[in-house]
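> Quick one, what's the 3D model for this:
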Amino acid sequence: MAQQDAQTAEEVDRAVNALSGRRLAVLTGAGISTDSGIPDYRGTGAPVRAPMSVEQFLASEDARRRYWVGSHLGWRAFSTAEPNPGHTALAALERQGIATGVITQNVDGLHLRAGSRRVVELHGTMRRVFCTHCGQVFDRRDLAQRVEADNPWITIPENVPLGPDGDVLPQSTTGFRIPACTVCGGMLKPDVVFFGEFIPAEKFREAEQLVRASDALVIAGSSLVVNSGIRLLERARRRRLPIVIVNRGQTRGDARATVKIDAGASEVLQALADALPAPAAQRGA
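Sure thing, here's the model as predicted:
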């Protein structure tokens, strides 16, 4: 452990040298939220599950019923998760003028709750649900109350594996009433990008703009399996920006990183927030 700690400290020092005096864009994945009790998809101990595709959700009432039961059962635990020191470190870097903002692949809303102001939620958010017919938007908390009113028998199980997107594997879906739009009776869908869906073009352009306005890119808690992350990394690489990757285990971008730190996101982001000086313009120089 001591040898690993020394190696991590050395890698953090290299990252500080590469990033000092620069404005950082930050890309985060599920690994930043594991310290908040939300598991990732691919890390050690992550629950094995086949994510529902958008085609399944839209085409099958049984699939939608299965989704909404599991999603509701996990929502209560998911919604009580609190930001961890990694989230608060990024909010502090933004306040200090070091970070230009956060691009996140997560749907948990923890960056906003930690105080980050410019957050690009690439994959959407679990805070909202919308009607696929009329476009009406609903707060997820209000929808949860409706689900429980329509299904008073439903109970929140204890000690069940929580998924990265706030779902659990339901034991039974028999008799569950699927929530519908209260305006037009249409199909409701969470405001998240399902597997098989494309990230909205305007959302990706916003992420690109954030990288373009920065002098370096930090990637924390993402294995970069999703192509959107690799595309943003490539934007930074082509501009010859320093790229620092913080992730336990390998990522698809390791060979292109200026510094790769194989450690937890919380501890490393805290160390960077403590060590990085504000850019000269922010100091009034």
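
> which residues touch stretch 9-24?
The contact list for stretch 9-24 (C-beta atoms under 8 Å, 6 or more residues apart in numbering) reads 93, 97-100, 213-218, 242, 244, 258-263, 268, 271-272, 275-277, 279-280. From N, CA and C alone the C-beta is placed, and that goes for glycine too.

> likewise stretch 82-100?
By C-beta under 8 Å, 6+ apart, the residues outside stretch 82-100 that reach it are 23-26, 28, 32-33, 35-36, 101-102, 110-111, 113-118, 210, 213-214, 220-221, 264-267, 269-270, 272-273, 276, 278-279, 281-282.

> following the helix or strand harbouring residue 15, which helix or strand shows up next?
In this structure, residue 15 sits in helix 2-19 according to DSSP states H and E. The helix or strand immediately downstream of helix 2-19 is strand 24-28, counting by DSSP H and E.

> what is the rounded mean pLDDT of that following strand?
Averaged across strand 24-28, the pLDDT comes to 98.

> cool, and stretch 259-276?
Stretch 259-276 shows a mean pLDDT of 97.

> Stretch 99-108 now?
Taken as a whole, stretch 99-108 has an average pLDDT of 96.

> Do me a favour and get the end-to-end distance for it?
By C-alpha to C-alpha, to the nearest Å, the extent of stretch 99-108 from end to end equals 20 Å.

> got it, and stretch 194-204?
In stretch 194-204, first residue to last residue: 16 Å (C-alpha to C-alpha).

> For it, which residues meet the burial criterion?
By 16 or more other C-beta atoms under 10 Å, the buried positions in stretch 194-204 come out as 194, 199, 203-204.

> What are the contacting residues of it?
With C-beta under 8 Å, 6+ apart as the test, stretch 194-204 has contacts from 51-55, 57, 120-123, 193, 228, 231.

> let's go with 6 Å and repeat that
51, 53-55, 122, 193, 228 (C-beta atoms under 6 Å, 6 or more residues apart in numbering).

> chain center to it: distance?
Centroid separation between stretch 194-204 and its chain, computed with C-alpha atoms, centre = their mean, to the nearest Å, is 14 Å.

> State the mean pLDDT of it.
Computed over stretch 194-204, the average pLDDT equals 92.

> so what's residue 113 up against?
residue 83.

> For it, what is the enclosing helix or strand?
Assigned by DSSP H and E, residue 113 falls in helix 110-114.

> Pull out the buried residues from that helix.
By 16+ other C-beta under 10 Å, the buried positions in helix 110-114 come out as 110-112, 114.

> Give me the distance between it and the centre of its chain.
Per C-alpha atoms, centre = their mean, the centroid offset for helix 110-114 relative to its chain is 11 Å.

> May I see the buried residues of the first helix or strand past that helix going along the chain?
Remark: after helix 110-114, the chain's next helix or strand is strand 119-121, criterion DSSP H and E. By neighbour count on 16+ other C-beta under 10 Å, the buried set for strand 119-121 is 119-121.

> again with stretch 246-262
246-248, 251-253, 256-262.

> How about residues contacting that stretch?
With contact meaning C-beta under 6 Å, 6+ apart, stretch 246-262 is reached by 11, 14-15, 18, 31, 220, 223-224, 230, 233, 237, 242-245, 265, 268.

> Tell me where the model's unsure across the stretch 151-285 of the chain.
In the predicted model, the stretch 151-285 of the chain carries pLDDT under 70 at residues 155-172, 280-285.

> Domain ranges for the chain, per the record?
As assigned by automatic domain parsing, the chain contains the domains 1-38+82-123+199-285, 47-80+124-192.

> most tightly surrounded among those?
domain 1-38+82-123+199-285 (a mean of 19; mean count of other C-beta atoms under 10 Å).

> for that domain, the distance to its chain's centre please.
Its chain's average C-alpha position is 12 Å from that of domain 1-38+82-123+199-285, according to C-alpha atoms, centre = their mean.

> so which of the buried residues of helix 110-114 comes closest to residue 133?
Residue 133 has its nearest neighbour among those in residue 112, at 28.4 Å by C-beta to C-beta.

> ok, now which ones touch that closest one?
By C-beta under 6 Å, 6+ apart, the neighbours of residue 112 are residue 119.

> Check the spacing between it and residue 200 real quick.
18 Å (C-beta to C-beta, to the nearest Å).

> Likewise for residue 207?
11 Å.

> now do residue 254
29 Å.

> Report the secondary structure state of the residue nearest to residue 118 when sequence neighbours are not counted.
Closest residue to residue 118 apart from its sequence neighbours, by C-beta to C-beta, 6 or more residues apart in numbering: residue 101 at 3.1 Å. Here residue 101 is recorded as strand under DSSP: H, G, I helix; E, B strand; the rest coil.
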